[in-house]
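**Q** Mind folding the following:
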Amino acid sequence: MDRAEIRKDFIRRLFAVAISVGFATTLVRMEWVENGELPAGAEIDQLFILFLGLIVTVLSWDGYLASIEKKHLNGDGRFWIDIALVFIYMFLLISSKQSDFWLFTLVVIYVLYAAWDFLTVREHMVSYNKELVPSIATSDYRASLRQVLSVYADGFRDRPGIDRGPVSTLSWALFFIVIWLVHRSLPTVGTIGTCLFAIFGLALYRYDKRKTLKGQNVRGFSMPRRAFLIMSILVLYAGVSLYLR
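**A** Here you go, the predicted model:
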């Protein structure tokens, strides 16, 4: 078993630990479960945060395993980001009782996703734009900063043949940052409402990462469509926040 396979197996096991310790332990320790009653008040908020954390963790696990099957986990940077992410997932689940932490934790997760994608482009440039890879390049070739940025620029321009995964991650990371900023300034939507908006964003992000548009051999929405979806949700969230003020 080579190094990349060992790392993949290790992270897979950590995901299982995060779910069992973070989700299962938190759930069984909730008062409504221990007392055999229906959840009420703050416990309902906690349940929404808990299930959002579970959705984030499971979708990440699924997307992560699919990604490293093609783009092996050779570099140290992505490996340590993976370890950090698993423990952050666990923290998100365990801290679900504290309604002040979860949204900022989600922002941190997406910032790390964007950093992970950036390093992936650098390590596996051939999967994003093979024209930039020298013909004499070896398996340990690392793209320059300029080459990596060109992949992002081409992705924003929807250049044919350029994988849009990194642009998708960066765009949705900005989405969650704006949601967090709006919620900090105007928290009128509340925990449950904000969770629902966040879950909708999570679902669209994962769909964006997997979607292959008709007639194209690259994944991801076109940039105008992605921008329209993100701006529509943000405007709706901001509008509801102002309306409930």
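
**Q** Now the most centrally placed residue in the chain: closest residue in space, sequence neighbours ignored.
**A** The chain has Y110 as the residue nearest its centroid, 4.7 Å off, counting by CA atoms, centre = their mean. Excluding the flanking residues, the one nearest Y110 by CB to CB, 6 or more residues apart in numbering is A173, at 3.9 Å. C-beta here means a position set from N, CA and C on the backbone, and glycine is covered the same way.

**Q** The one you found: neighbouring residues, count only.
**A** 21 (other CB atoms under 10 Å).

**Q** where's it, which helix or strand?
**A** Per DSSP states H and E: A173 is located in helix 165-185.

**Q** on contacts alone, who are the packing partners of that helix?
**A** helix 102-123, helix 145-156, helix 190-210, helix 223-243 (3 or more CB pairs under 8 Å, 6 or more residues apart in numbering; DSSP states H and E).

**Q** For those, could you give me a markdown table that also reports mean pLDDT and distance to S95?
**A** Listed next are the helices and strands packed on helix 165-185 as a markdown table, based on pLDDT from 0 to 100; distance: least, CB to CB, whole Å:
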| stretch | mean pLDDT | distance to S95 |
| --- | --- | --- |
| helix 102-123 | 94 | 7 |
| helix 145-156 | 92 | 33 |
| helix 190-210 | 93 | 13 |
| helix 223-243 | 95 | 23 |
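
**Q** Out of those helices, which one sits most buried?
**A** Each of the helices and strands packed on helix 165-185 was assessed for mean neighbour count using mean count of other CB atoms under 10 Å. The highest is helix 102-123, with a mean of 20.

**Q** How far does that one sit from its chain's centre?
**A** 7 Å (CA atoms, centre = their mean, to the nearest Å).

**Q** For the helix holding A173, report the contacting residues that lie outside it.
**A** 103-104, 106-107, 110-111, 113-114, 117-118, 120-121, 128, 151-152, 155-156, 189, 194, 197-198, 201, 204-205, 208-209, 219-221, 223, 226-227, 230, 233-234, 237-238, 241 (CB atoms under 8 Å, 6 or more residues apart in numbering).
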